[in-house]
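In: coords below, sequence missing:
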C-alpha cells in the first residue's frame with residue numbers, strides 16, 4: 001500500500017471528526033459568552049434581570065408567567081388573567097409561545113409557576129455559535145479555523161448584542177440555521193425534494209413560535225431554493241412552489257390555531273428602518289469610541305442598528321481584495337465546487353432593500369422617498385424593517401470567511417482570521433458591557449408601590465401612553481402583580497388584538513367604578529386631567545404621590561396625600577333638554593368643539609359622564625340622545641354602539657348628517673350613586689376631509705346635538721308593545 005493510500009482512511013476519519021469538534025468548541029464558546037454576560041440568578045429565572053424588569057422584557061415575561069398561572073384554555077395561548085375579563089393571547093405580548101407553552105407544562109408538573117426565560121437567554125447564546133458553524137459549513141467552509149472564527153463572530157455580532165432587551169429577538173441562531181439550510185438546499189439543488197422542505201417547515205414553525213419577525217426573515221431566506229428552481233427547472237416549478245407555500249402556510253396555521261388570532265400592527269413602514277450608513281458607521285464602538293451615536297434619522301432607526309463591527313468590516317474588505325487579487329480558489333478536501341449562489345444573493349439583496357424601506361437616509365440626509373403609501377400598505381406589518389438586514393450581515397461575515405479560506409494558504413488564513421476576530425472582540429466591548437448590565441438587572445428600579453395583601457386586580461389605564469417613563473413604571477408593576485397572582489385589566493401589547501383599542505381602555509380606566517380588591521393607578525404625566533374622584537365609586541380610597549394617583553377598593557390608602565378631586569359632575573335636570581354649550585359639562589372623553597360649539601366625537605370612543613336626580617337614580621333613567629351620524633360615504637348610515645355603565649351595548653344606525661334621537665334605558669344598578677356614564681363606540685371613524693366636511697377632528701363618528709333625562713317608566717304587566 002502506498003503512503004498516499006495509507007493516509008486516506010486517516011484523512012477520512014479526520015474529515016468526519018472535524019465537524020463534531022467544531023460544534024463542540026462552538027458550544028464552549030457559547031457557554032463562555034453566557035458566563036461573561038449572565039449571572040446565575042438571571043439564568044435561574046428568580047433574580048438578576050428578573051428582580052424588577054421594565055420595558056419589553058417586563059412585558060414579555062409577564063405574559064410568560066400569566067399563561068402558567070391561568071388554567072388551560074382554548075386557544076391554548078390565551079391567558080384569562082391578561083386584559084381581564086376578555087383574556088389575551090400571550091403571542092400578542094411577544095412572550096415566546098414556544099417557551100411559554102413549555103413553561104405551562106412544567107408548571108403543571110411542578111405545581112407552581114416558574115420563569116424559564118433565563119434558560120432561554122442562555123440557550124440563545126449557546127446555540128448561536130453552533131448555528132454559525134452549521135451556516136458557514138453550508139457555504140463551503142471546511143477548515144477548523146474558519147468554523148471557529150464564524151463561531152466567535154456570531155457571539156460578537158453587534159446587532160445581537162444590541163437586542164438583549166428583547167429576549168425573543170436574541171434568537172439569531174434561528175436566522176443562522178435558516179441561512180445555512182437555504183445555502184445547503186441551493187448547493188444541493190434540493191428545491192424539488194419534499195424531505196428538505198419538511199425540515200424547512202419545521203424550522204419555520206419553531207421560528208414563528210418564538211417571534212413572527214424571525215419567521216418572516218427565515219421564510220425569505222428559504223425562498224432562495226424555490227427561486228433557483230423557478231430560474232433553472234421548468235418542470236419542477238409547480239412542485240417546488242407548492243412545497244414552499246406549504247412550508248410557510250403550516251406554521252402560520254399552527255400559530256393562529258394556538259393563539260386564536262394573528263394580531264395586527266401599526267403600519268409605520270419606513271420609521272423603524274435601517275440607515276444606509278448603519279453597517280459601516282462605528283456606533284457604540286470599542287475601537288473608534290463608544291460615544292459615537294446610533295444613527296437615527298427618523299426617531300425609530302435604532303431598530304435598524306446594523307453596525308458590522310471593526311473586525312467584520314476588515315474581514316469583508318480583505319475578502320473582497322482576496323477575490324479580486326488573490327490566487328485561484330483552493331477547494332479544500334471534502335468541499336464541493338462553488339455552487340451558483342445567485343438565487344440566495346437575490347434574496348439577500350431583497351432583504352437589504354426591505355431594511356432600508358422606501359425612505360432611504362444616509363445619516364440625516366434623505367436620499368430617496370418613493371412609493372411611501374403603497375409600500376406601507378404592502379409591508380406595513382413588517383414595520384421594524386431595519387431588522388431584515390440581520391441575515392444579510394451574517395451572510396456577509398460568513399461568506400467572507402469562506403472566500404478567505406478558498407483564496408489564502410492555510411498559515412495565512414489562521415493569522416488573518418485571528419487578527420480580525422481579535423479586532424471584533426475589542427470593538428464590541430461597549431455593547432457587551434451594555435448587554436451585561438441589562439442581563440444582570442443593573443439600574444433596575446423597584447415598583448412605585450408594593451402590591452398590598454388582598455389585591456385581586458390591577459388596572460393602569462396608561463396602556464397606550466406616549467410617556468416612556470410611565471410605561472416603564474407600568475410594565476414593572478404589571479410584572480410584580482402577575483407574580484403576586486393578580487389579574488391585569490390592561491397590558492401593553494406588541495400586536496393589538498382586533499377587538500382592542502386604546503381609547504376604550506383609557507376611558508374605561510378613568511370613568512368606571514373600581515371593583516372590590518382592585519388597584520387603579522394613574523401614572524402618566526397629565527393623568528390628573530382625566531381623573532374624576534367621583535367616578536371611582538363610593539368607598540374608594542385614593543391618594544397621590546409625585547404626580548401619580550392610586551385608588552383602591554377594600555385595600556386602604558396606598559398613598560396618603562389626597563388626590564385632586566376634579567370638576568364635580570353636573571346633575572342633569574329632568575325638565576329641560578341640554579343643548580349647545582350646556583352640554584359641555586357632560587362631555588368626558590373623546591370630544592372636540594367646532595366653531596359653532598357643536599361637539600364632534602374624535603376616534604372610536606366618546607363618553608358622557610353626569611349625575612341624575614336621586615329620584616331618577618332610584619327608579620332608573622331614560623337618556624335621550626340627539627345625535628347626527630358621520631357615515632363613511634354620503635347617504636350611508638353610521639353604526640354605533642351605546643353602553644350605559646358596564647352593561648351590554650345597544651346597537652343603532654344613525655342617518656348621515658341628519659338628526660336622530662336614541663333612547664338609552666339605564667337601570668338603577670348601572671348608575672351607582674346616581675352617576676350615569678354613556679359610552680358611544682364607533683367602528684372605523686371616518687376622516688371628515690375625505691367627505692369634504694370641515695370638522696375639528698381627524699376621525700369623526702357622531703355629532704352631539706342634545707341630551708335629556710326622564711324617569712324610566714316600567715311597562716304595564718302584559719303589555720307586549
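Out: Received the coordinates, thanks. All values derive from a computational prediction rather than experimental measurement.

In: Counting neighbours, which bits of the strand or helix carrying residue 431 end up buried?
Out: Element membership for residue 431 (DSSP states H and E) is helix 429-440. Buried positions in helix 429-440, judged by neighbour count with 16 or more other Cβ atoms under 10 Å: 429, 430, 431, 432, 433, 434, 435, 436, 438, 439, 440. Any C-beta I mention is one placed from the backbone N, CA and C, and that applies to glycine too.

In: TSV for those residues, including pLDDT and distance to residue 687?
Out: TSV is the format used below for the buried residues of helix 429-440 (pLDDT from 0 to 100; distance: Cβ to Cβ, whole Å):
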residue	pLDDT	distance to residue 687
429	97	50
430	95	46
431	96	44
432	96	48
433	96	48
434	94	42
435	95	44
436	96	48
438	94	41
439	95	45
440	94	48
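
In: Name the nearest of the residues you listed relative to residue 594.
Out: The closest of these to residue 594 turns out to be residue 438 (Cβ to Cβ; 49.2 Å).

In: Verify the contact between the closest one and residue 48 for me.
Out: No. Applying Cβ atoms under 8 Å as the test, residue 438 and residue 48 come out as separate, 10.0 Å apart.

In: Assess the claim that residue 688 and residue 697 are in contact.
Out: Yes. Residue 688 lies in contact with residue 697 (Cβ under 8 Å); the separation is 6.9 Å.

In: which of those two has more neighbours?
Out: residue 697 (23 against 17; other Cβ atoms under 10 Å).

In: Just the pLDDT at that one, thanks.
Out: pLDDT recorded at residue 697 is 92.

In: Look up phi and psi at it.
Out: phi -130, psi 160 (degrees, to the nearest 10).

In: Okay, it and residue 381: tell me how far apart.
Out: 27 Å (Cβ to Cβ, to the nearest Å).

In: what about whichever strand or helix holds residue 588, distance to the chain center?
Out: Assessed by DSSP H and E, residue 588 sits inside strand 587-589. Put simply, strand 587-589 sits 31 Å off its chain's centre (Cα atoms, centre = their mean, to the nearest Å).

In: which residue is nearest the middle of the protein?
Out: Nearest to the mean C-alpha position of the chain, by Cα atoms, centre = their mean, lies residue 494 at 3.2 Å.

In: Quick check: that residue touching residue 89?
Out: No. Between residue 494 and residue 89 there is no contact under Cβ under 8 Å: 11.3 Å.

In: Would you mind listing the residues touching both of those two?
Out: Common neighbours of residue 494 and residue 89, using Cβ atoms under 8 Å, 6 or more residues apart in numbering, are residue 263.

In: Next one: the residue nearest to residue 294 when sequence neighbours are not counted from residue 391, what distance?
Out: Leaving aside its sequence neighbours, residue 294 sits nearest to residue 283 (Cβ to Cβ, 6 or more residues apart in numbering; 4.8 Å). Distance of residue 283 to residue 391, computed by Cβ to Cβ: 19 Å.

In: neighbouring contacts of stretch 310-324?
Out: Contacts of stretch 310-324 (Cβ under 8 Å, 6+ apart): 153, 156, 280, 282, 285, 287-288, 308, 393, 396-397, 399-401, 403-404, 407-408, 416, 419-427.
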